[in-house]
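>>> coords please:
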Amino acid sequence: MAIKEAISYCFRNYVGFKGRAARSEYWYWTLFVYLLLIVAWLIDMTVFGFNTTGVNPMAVLASLATLLPTLAVSARRLHDIDRSGWWALLIFTVIGYIVLIYWACLRGTVGANRFGSDPLEGKV
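Here you go, the predicted model:
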């Protein structure tokens, strides 16, 4: 999946917690979100200057706009390695964050699993 396809699909399927997401979809989306947040932060610094309160309006808007799609693609990525999307709650622990990064790097289960068909079927 190319970066444009991944971004487009994540926005179209922004509350789709069912199914599976390949590594490329997840990592392209993650790259897009981080780049968007950097741009939003730069706009905040340019327009509002250095803000010591920690509230940057553009960054907050960008975060809110990408929150649901990020949660959905994270759950679908966990589904691809045959884990429940509820494992995403590990993000709230330091060790869990490391585990989630590791799991996001793993290749998904080959063929169909309990969450749906293989998103890479016929593409490998």
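>>> separation between N113 and I81?
Relative to I81, N113 is positioned 9 Å away (C-beta to C-beta, to the nearest Å). Glycine gets a C-beta too; all of them are placed from N, C-alpha and C.
>>> do V110 as well
Distance of V110 to I81, given as C-beta to C-beta: 11 Å.
>>> helices or strands up against the helix or strand harbouring L37?
L37 belongs to helix 23-48 when elements are defined using DSSP states H and E. In terms of contacts (3 or more C-beta pairs under 8 Å, 6 or more residues apart in numbering; DSSP states H and E), helix 23-48 is packed against helix 3-12, helix 57-80, helix 94-105.
>>> in stretch 35-50, what's buried?
Along stretch 35-50, the positions that meet the burial threshold by neighbour count (16 or more other C-beta atoms under 10 Å) are 36-37, 40, 44.
>>> please work out which of the helices and strands packed on helix 23-48 is packed deepest.
Mean neighbour count (mean count of other C-beta atoms under 10 Å) peaks for helix 57-80 among the helices and strands packed on helix 23-48, with a mean of 19.
>>> please name the residues that touch the closest residue to V47 other than its chain neighbours.
By the measure of C-beta to C-beta, 6 or more residues apart in numbering, the closest residue to V47 outside its immediate chain neighbours is M58, 7.6 Å from it. By C-beta atoms under 8 Å, 6 or more residues apart in numbering, M58 lies in contact with 40-41, 43-44, 47.
>>> pretty sure A112 contacts D82?
No. Counting by C-beta atoms under 8 Å, D82 is not a contact partner of A112; they are 10.3 Å apart.
>>> out of V110 and I81, which sits in the busier spot?
Here V110 and I81 are compared on neighbour count by other C-beta atoms under 10 Å; more neighbours surround I81, at 18 against 10.
>>> mind pulling up the pLDDT for that one?
Reading off the per-residue confidence, I81 sits at a pLDDT of 95.
>>> how close does it get to L61?
Shown here: I81 relative to L61, a distance of 32 Å by C-beta to C-beta.
>>> quick one on the thing from earlier: quick one, which of the helices and strands packed on helix 23-48 is nearest to Y28?
helix 3-12 (3.7 Å; C-beta to C-beta).
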